[in-house]
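> Here is my input; please provide its structure:
(one chain, ligands or ions: 1)
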Amino acid sequence: MKFFSTHNKNIYTGFEEAVINGLAPDGGLYMPEEIPVLDSSFFDKINEYNINEIAFRIISRFTGDQIKEPDLQEIINSSFTFKAPLYQLEKGKCILELFHGPTLAFKDFGARFMARCMEHFVKKRNIVLNILVATSGDTGSAVANGFYNVEGINVYILYPSGKVSFIQEQQLTTLDKNITALEINGTFDDCQRLVKQAFVDPGIKNRMNLSSANSINISRLLPQSVYYFESYKQLENKDKGTVFSVPSGNLGNLTAGIIAHKMGLPVKKFIGATNSNDTFTKYIKTGRFEAVSSHRTYSNAMDVGNPSNLDRIKTLYDADIFNIRDNIFSVSHTDHDTLEGIKEVYEKYNYIIDPHGAVGYLAAMDYKDMLTESCNYVILETAHPAKFRDIVEETLGIEIELPERLKTSLEKKKHSIKLSGNFDEFKEFLLEQ
Ligand SMILES: *Cc1c(COP(=O)(O)O)cnc(C)c1O
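Okay, the predicted model is just below:
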């Protein structure tokens, strides 16, 4: 299987290069040259497979001969170490809980699999890889955790001092071993500037192998397709047709769903649920895309003004807006709506949903109102409500029990290295490692 650049179909490479490079040399995103279609026996037997078996049957179609089957099996077994259970609110209305991983968000699926793919290729090449990540909070913790204890890879996480939440900072700074937290005196943009400058600095490039573990890495996308199949497996009335509501920011999760659909997963409609950062919703409505800068909302992991995976979605539908609209509905909801959504889910179903999931829930209910026939609704719950404890507790007037794995990281001692934001100082630090 080849992976081509969304900017130019003549630029392509194999899975290994696509994973190591992250971004194609022309700045495009890598896409598989074709989406393999699973045969009907897979769906006939899906109830017999556990999530790892599903993952192997999906992902091996893309990795082909670039990872030997027993190696891929091992990578999958050490990545998919937690479940993706479907929780039924009522008949035909379900929550797909994607927060059972170590950092309590769906990004654990992608980050863990990417880390272990990279480990595999780094071992094969007999090199040491240094990963630089700038984070405003959430992505950093999933990446740090994904790479924790992975051999041959050192991770440097740059985060803006005093500008991430206590929970996020604890998740970034308490791992140690191959994960180093760099606390930068500046903003997220300063962190990003330092990382970008390091990548083009000849003095650093000559001495170290750098990589970015970027969120657009193809190896983060493929494992996300897996849980769409996993949720379908758990549905009672599969024949009724299924609508997936996906709380969306950079559209990675939605793209993974579309790939699953193209592989044969029966899907009636996807809903790209946005908060008031609604460029995608406007694009679906008008067919024209306009990037804007983002603003902060309660569902802040979706605060994106220029979604990086839109190019992938366009590629999947040959940039045909009518085709896209046939498959995807989109609606946006404000912060005020979000709080109402959290309340409604709690009052109606006694279920505590996080602000991101609430946006997904509201969008699903909007779509339900437009349909006359009944079908299954699967709402992706992308984070554990405890991650957004303050908002949820205040909205519902209750206390949220913290999961054990979060409690443990909150009790650990913070360990970070403070840097000023000056590039020369950062460079000196890197070269001393
Ligand atoms: C990243 C994230 C999203 C948005 O996912 P995309 O793949 O960027 O669309 C939604 N919810 C949570 C909790 C996230 O961390």
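
> Tell me how far the residue nearest to Lys412 when sequence neighbours are not counted lies from Ile75.
Leaving aside its sequence neighbours, Lys412 sits nearest to Thr174 (CB to CB, 6 or more residues apart in numbering; 3.7 Å). C-beta: built from backbone N, CA, C; applies to glycine. Thr174 is 26 Å from Ile75, where distance means CB to CB, to the nearest Å.

> Neighbour count: these two, which is higher?
Neighbour totals were compared for Thr174 and Ile75, and Ile75 leads with 24 against 19 (other CB atoms under 10 Å).

> Neighbouring strands - and their directions - for the helix or strand hosting Leu89?
Following DSSP states H and E, one finds Leu89 within strand 86-90. Under the criterion DSSP bridges, strand 86-90 sits next to strand 93-97 (antiparallel) in its sheet.

> what about the partner strand, average pLDDT?
What strand 93-97 shows for mean pLDDT is 98.

> for whatever helix or strand comes next after that strand, packing partners?
The helix or strand immediately downstream of strand 93-97 is helix 107-125, counting by DSSP H and E. Counting by 3 or more CB pairs under 8 Å, 6 or more residues apart in numbering; DSSP states H and E, the packing neighbours recorded for helix 107-125 are helix 15-21, helix 69-79, helix 138-147, strand 153-160, helix 218-234.

> most tightly surrounded among the ones you listed?
Among those, helix 138-147 has the highest mean neighbour count (mean count of other CB atoms under 10 Å), at a mean of 26.

> Look up how far Lys407 lies from Thr180.
Look at Thr180 and Lys407: by CB to CB, they are 24 Å apart.

> So for those two, which residue has more residues nearby?
Neighbour count, other CB under 10 Å: between Thr180 and Lys407, Thr180 has more, with 20 against 11.

> Looks to me like the more buried one is in a strand.
Yes - under the criterion used here (DSSP: H, G, I helix; E, B strand; the rest coil), Thr180 sits inside a strand.

> Report the beta-bridge partners for it.
Applying DSSP bridges, one finds that Thr180 bridges with Tyr156.

> For it, list the residues it contacts.
The neighbourhood of Thr180, defined by CB atoms under 8 Å, 6 or more residues apart in numbering, consists of Asn154, Val155, Tyr156, Ile157, Ile417.

> which one among the residues you listed gets closest to the ligand?
Lowest distance from the ligand to the contacts of Thr180 (CB to the nearest ligand atom) belongs to Ile157, with 16.0 Å.

> Please look at the closest one and Ala181 and confirm they touch.
Yes - Ile157 lies in contact with Ala181 (CB atoms under 8 Å); the separation is 5.2 Å.

> Mind listing the shared neighbours of the two?
Common neighbours of Ile157 and Ala181 (criterion: CB under 8 Å, 6+ apart): Ala144, Leu172.

> how close does the residue nearest the centre of the chain sit to the ligand?
Nearest to the geometric centre of the chain sits Lys107, at 3.9 Å (CA atoms, centre = their mean). Relative to the ligand, Lys107 is positioned 5 Å away (criterion: CB to the nearest ligand atom, to the nearest Å).

> ok, now how distant is that residue from Asn309?
Distance, Lys107 to Asn309, using CB to CB: 14 Å.
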